[in-house]
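> Here is my input, please return the structure:
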Amino acid sequence: MIEILKDKSLIEHVNKNVGLFHPDVALMSYSITLLYNLTFEKKIFYDLKDRNVINSCKKLYKAQDATIQFAARTLAAILNQEDIDEIDSPSKMARSYVYFIENTIDDVTLTYHGIKLDGVLTNLEAIVQNDEVKDEIINDDDGIPLLARCAYEPNLDVETIQCPALRIIDAVSFGQDAALQQIKEIDSLMEHVKDLCRKNDKDQGIVANRILWKTEEESKFISKQEQLKKQIKREIKKKFDEKKAIYQYITGDHHFDLADHERSEKFDLMISYHQDDKDICFKIYNRLIASDAYRIAFDKDN
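Prediction:
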């Protein structure tokens, strides 16, 4: 199969022709799809890394067939995970993932052209930390809604489909504000997330709590912190009486204005946590504030 991927004449024909009716396209499509599916076996995965299959895959980026291009880009990305931020055309890649989720989720076999839904989600989770991939999923009208269906539809396998889908949703929730708004507007997803939180689900509870906090509590917490800082500033200004100060203002001298030295309203860091991680997060928080180098948003009451 690797030799087929390297065949120059096949690559040339695949990049010019579309449709499985063409024998070269069919041969390449079946070969690379099989190779793609075999990478879920760890032994084969590491063997492919050692054989430097990435360069062969890159030559198929211009393939006219959607399946060949998807498999080629995915193989190149997952076999080179340490350079996840260097993915070629991440937006195009993200769109292909949305395309395959859309075409597999309603199929009785959860498969489309040999590509399985669980595999699509597994590999998407591996590359979703790429900012452009994340943004494309958020900006695609079907991106988050399709992932939401993967997360909450009861007929789908929990471990191989629901769990990775929820983790991907969690990852994109740290992107644009639009992501949180989309997540909040999907009632079935939010009901599922709240149900997982109530049950304290051992597999998905932590992720569900994090999503719930970001969608419903984060803005309240930030607002609360901002109000607290404003209140503290008002109290400081109220207590400071320049007339009673030892130093008196002299015309022409420099006038110290407290407002000139106010710190920014923004935080350097915000820590959110699940109750199971409370102790370790307290230690991290205390260590950071001890340095007096960071402004940290941290809700001790959670």
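> which secondary element of this structure has the worst mean pLDDT?
Lowest by mean pLDDT, DSSP states H and E among the helices and strands of the chain is helix 218-239, with a mean of 64.
> contact partners of the very next helix or strand once past it?
Next along the chain after helix 218-239, taking DSSP states H and E as the criterion, comes strand 269-271. Contact with strand 269-271 is made by 222, 281, 284-285, 288, 294-298, as judged by CB atoms under 8 Å, 6 or more residues apart in numbering. (C-beta placed from N, C-alpha, C; glycine too.)
> Sheet partners, orientation included, of strand 269-271?
Strand 269-271 has its sheet partners listed here by DSSP bridges as strand 296-298 (parallel).
> Now do the partner strand: distance to the chain's middle.
Remark: strand 296-298 is offset 22 Å from the chain centroid, using CA atoms, centre = their mean, to the nearest Å.
> Next, the buried residues of that strand.
For strand 296-298, burial by neighbour count (16 or more other CB atoms under 10 Å) applies to 297-298.
> for it, what is the average pLDDT?
Averaging pLDDT along strand 296-298 gives 78.
> again with stretch 204-214
Throughout stretch 204-214, pLDDT has a mean value of 91.
> Distance from it to the middle of the chain?
Distance, centroid of stretch 204-214 to centroid of chain: 14 Å (CA atoms, centre = their mean).
> Just the residues contacting that stretch, thanks.
For stretch 204-214, contacts defined as CB under 8 Å, 6+ apart pick out 158, 162-163, 166-167, 169-170, 173-174, 180, 183, 193-194, 196-197, 199, 201, 272, 274-277.
> Just the ones of the residues you listed in helices?
Counted as lying in helices by DSSP state H, out of the contacts of stretch 204-214, are 163, 166-167, 169-170, 180, 183, 193-194, 196-197, 199.
> Now for these: which two are most distant?
For these, the maximum inter-member distance is 23.1 Å, found between 180 and 199 (CB to CB).
> Settle it for me: which of these two has more neighbours?
Legend: neighbour count by other CB atoms under 10 Å for residue 180 and residue 199, higher for residue 180 (20 against 11).
> Contacts only, for the more buried one.
By CB under 8 Å, 6+ apart, the contact set of residue 180 is 173, 214-215.
> That concludes my questions; thank you for your assistance.
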